[in-house]
Structure formats: structure tokens, C-alpha cells
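In: How does the following fold in three dimensions:
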Amino acid sequence: MLSANVKSLRPGILLIMISVICGCGNQEMVDESQSVEITGVVKLDGKPLTDAQVSFLPADGDALVGTAMTMTDSQGKYTVAVNAPREYKVNVDRMMNGGPNPKLKEYQGEETPLKANVSDANKSFDFDLKSAQ
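Out: This next block holds a predicted model:
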């Protein structure tokens with residue numbers, strides 16, 4: 001049986017749990033009508049990079065926009081929809097022996113030099129990558 005002190009805490013605990021689950025502040029979800037389909041070609045040392053994962057991460061880190069990922073085809077082409085027009089950091093990887101490809105290490109993670117400033121007028125991004133030495 002719960003004591004009177006613990007019973008009196010239940011409404012407060014419930015309110016805290018609801019706040020955590022629903023989020024605090026005035027965050028707005030991304031409007032799906034802002035979605036932009038982008039395309040491009042990824043090459044490595046002048047040749048199409050096949051079966052590579054291409055990820056677009058919001059440059060400002062906005063978790064509500066989220067990351068968009070896709071794979072390149074046999075010609076290095078990709079198509080992906082991002083949730084909103086803005087600047088993105090672009091990561092490229094092609095798994096090798098079950099792990100990241102060392103030839104592409106420069107184009108992975110937060111420090112990637114690849115950027116895409118996506119807008120309704122700017123939706124095609126080709127990347128001509130060079131192998132890491």
C-alpha cells in the first residue's frame with residue numbers, strides 16, 4: 001500500500017512524463033508540402049560509384065527535419081526526398097568488408113566537405129569524389 005505522500009506525487013509524476021513524451025516548447029513538425037525531391041550522380045575517381053549510401057543531414061542539426069538516405073544505382077545515380085529546403089551536409093559511404101570504406105573517409109561524418117543547399121530551384125547535386133590517400 002502506498003503512503004499518502006507517494007499518492008500525492010502521482011499527478012506531478014504523470015504531468016512530467018507527459019511533458020517528456022510530448023516534448024516541451026513550441027516545436028513545429030515539418031510541413032510535408034515542403035519536401036523536395038533531389039537527384040544527382042556520385043563518382044569516385046571519375047567512375048560512377050555504385051551501391052553507395054548517400055545521406056543528407058540538416059547542416060543546422062534540426063532533428064525535426066531529419067536525415068534523408070538513399071543508395072546509388074549501377075550508374076552512380078540517386079534520387080531522394082528531403083523534408084525541407086535548406087542546407088544539408090552530405091555523407092557518402094560504400095561498405096567494404098563489413099565496415100566503412102577507407103577510400104571515402106573524408107566524406108563521412110560531421111566534417112564532410114560535401115554540402116547541398118536545397119531549394120525548389122536547386123535540386124540536382126553531383127559529387128565527384130577523390131579516393132583518400
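
In: got the contact list for the lengthiest strand in the chain?
Out: In the chain, taking DSSP state E as the definition, the longest strand is strand 36-44. Strand 36-44 is contacted from outside by 48-49, 52, 54, 56, 72, 75-82, 84-85, 92, 103-104, 116, 118-120, 123-131, using Cβ atoms under 8 Å, 6 or more residues apart in numbering. Bear in mind the C-beta positions are built from the backbone N, C-alpha and C, glycine included.

In: Please narrow those to those residing in helices.
Out: Among these, no residue falls in helices (DSSP state H).

In: Going through the residues you listed, which ones are buried?
Out: Buried subset of those (neighbour count, 16 or more other Cβ atoms under 10 Å): 49, 52, 54, 56, 72, 76, 78, 80, 82, 84-85, 92, 103-104, 116, 118, 125, 127, 129.

In: and these, which of them are in strands?
Out: Reading strands off these with DSSP E, I get 54, 56, 78, 80, 82, 92, 116, 127, 129.

In: Can you tell me the closest non-neighbouring residue to residue 85?
Out: residue 119 (4.6 Å; Cβ to Cβ, 6 or more residues apart in numbering).

In: cool, residue 67 as well?
Out: Nearest to residue 67 is residue 57, by Cβ to Cβ, 6+ apart, at 5.0 Å.

In: ok, now which ones touch that neighbour?
Out: By Cβ under 8 Å, 6+ apart, the neighbours of residue 57 are 67, 88-91.

In: For it, give the beta-bridge partners.
Out: residue 89 (DSSP bridges).

In: hang on, the earlier thing: got the confidence number for the residue nearest to residue 85?
Out: pLDDT, residue 119: 95.

In: Also residue 15?
Out: 45.

In: re the thing from before, in the ones in strands among the buried ones among the contacts of strand 36-44, find the pair that's most separated.
Out: Greatest spatial distance among these (Cβ to Cβ): 82 and 129, at 20.2 Å.

In: so where is the chain shaky, pLDDT-wise?
Out: Within the chain, the segments meeting pLDDT under 70 span 1-32.
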